[in-house]
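Asks: Here's my sequence, what's the structure:
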Amino acid sequence: RNRRWHVQGIGGVFGANPDAIAGGAGPDDWRTQRRESRRRAREEHALVSADDIVRAALALPLLDVARAWVVPSNDGGPRTGIVTLVAMRGLRAGEGATRLPESRRWLDAIRRRLAARMPLGSRLVVVTPRYATFVVQATLEAVAGRNVDDIQRKVMDALRIRLATTGPSARHPGIPVSRSDLAGWMRAVDGVARVVSLRLVRDAGDAVTSVPVAREGLPRLDESRSNIAVQRPGQGGVP
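Replies: Here you go, the predicted structure:
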């Protein structure tokens, strides 16, 4: 345990064993060894880079890994050999967006399937994103003659696209959401004349100007508690 080791041609310590090496088994007969070697050469490759780990996670069968990324190491922190993979499962038919689909058993299943392919001295940790949940309370004014219900649906659709956690338009991790961001997205929706009022509220009930997001996290809009009202021109403002 904690044995440091070097690689010829690379200066300094290349890695360290977080745990003592243990286990092992006696050799099989040569036919079994040859068959297993061919299978491993065809199907298994060492996961050296972050891209290797992400591609392997997305290719796992039956686990529905919709998105994954490796958290960059902290240059100022100690070198522990821990590699953190953030994984997200896609929502299945009938599952609501308010439910977090990544369970501990699901994360452990990913780790078990990938850990054997990690280099010696590395320890794979699979986690779910750290969600920064927030609520939006807004009043918008519609362009004259437009259907306010249609505009309200379009605004919510625009926010879902901008704050998508998976898919082609998925938001990059670690980027905060500000009040000005939301105001700009809403004003860009066809039929919105202006933003009358806008509040960004965190879980504790405090109104904020920006929602900070951890570097391995994503912002998450709580649609069930959010309220976006669209009023017709001339209905008056909201303080």
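
Asks: Apart from its neighbours in sequence, what residue is nearest A164?
Replies: Leaving aside its chain neighbours, A164 sits nearest to A170 (5.3 Å; criterion: CB to CB, 6 or more residues apart in numbering). For every residue, glycine as well, the C-beta is placed using N, CA and C.

Asks: Provide the secondary structure category for that neighbour.
Replies: At A170 the chain is in coil, as set by DSSP: H, G, I helix; E, B strand; the rest coil.

Asks: Quick one: neighbours of it, just the number.
Replies: 15 (other CB atoms under 10 Å).

Asks: how about it, phi and psi?
Replies: Main-chain dihedrals, A170, degrees, to the nearest 10: phi -60, psi 140.

Asks: Buried residues of the longest strand seen in the chain, list them for me.
Replies: If you go by DSSP state E, the chain has its longest strand at strand 130-142. Across strand 130-142, burial judged by 16 or more other CB atoms under 10 Å covers A132, F134, V135, V136, Q137, A138, T139, L140, E141, A142.

Asks: next SSE after it?
Replies: Counting by DSSP states H and E, the next helix or strand C-terminal to strand 130-142 is helix 148-162.

Asks: show me the contacts for the residue most central in space within the chain.
Replies: Central residue of the chain (CA atoms, centre = their mean): P129, 4.7 Å from the mean position. P129 makes contacts with V86, M88, T165, P173, E216, G217, L218, as judged by CB atoms under 8 Å, 6 or more residues apart in numbering.

Asks: Quick check: the two most widely separated of these?
Replies: The span of the contacts of P129, defined through CB to CB, is set by T165 and E216 at 12.8 Å.

Asks: what bits of the chain have low per-residue confidence?
Replies: Within the chain, the stretches with pLDDT under 70 are 27, 75-79, 92-100, 236-239.

Asks: Contacts for stretch 104-122, please.
Replies: 5, 14-18, 44-48, 53, 56-57, 60, 63, 65, 81-83, 85, 87, 89, 123-128.

Asks: what about 7 Å?
Replies: By CB atoms under 7 Å, 6 or more residues apart in numbering, the surrounding residues in contact with stretch 104-122 are 5, 15-17, 44, 46-48, 53, 56-57, 60, 63, 65, 81, 83, 87, 89, 124, 126-128.

Asks: Name only those of those that count as buried.
Replies: Buried by 16+ other CB under 10 Å: 15-17, 47, 53, 56-57, 63, 65, 81, 83, 87, 89, 124, 126, 128, out of the contacts of stretch 104-122.

Asks: Out of the residues you listed, list just those in helices.
Replies: Within the buried ones among the contacts of stretch 104-122, residues falling in helices by DSSP state H are I53, A56, A57.

Asks: wait, what's in contact with the residue lying closest to the first one once chain neighbours are set aside?
Replies: Closest residue to I53 in three dimensions, ignoring its sequence neighbours and counting by CB to CB, 6+ apart: L47, at 4.7 Å. For L47, the contacting residues are I53, A56, L114, R117, M118, taking CB under 7 Å, 6+ apart as the criterion.

Asks: sec struct for T32, please.
Replies: helix.

Asks: I'd like the distance between it and R39.
Replies: The gap separating T32 from R39 is 11 Å, by CB to CB, to the nearest Å.

Asks: again, but for V148
Replies: Counting by CB to CB, the gap from V148 to R39 is 62 Å.

Asks: now swap in P168 and tell me
Replies: Where R39 is concerned, P168 sits at a distance of 34 Å (CB to CB).

Asks: neighbour-wise, which of the two wins?
Replies: More neighbours surround R39 than the other of P168 and R39, with 10 against 6 (other CB under 10 Å).

Asks: So what does that one look like in phi/psi?
Replies: phi -60, psi -40.
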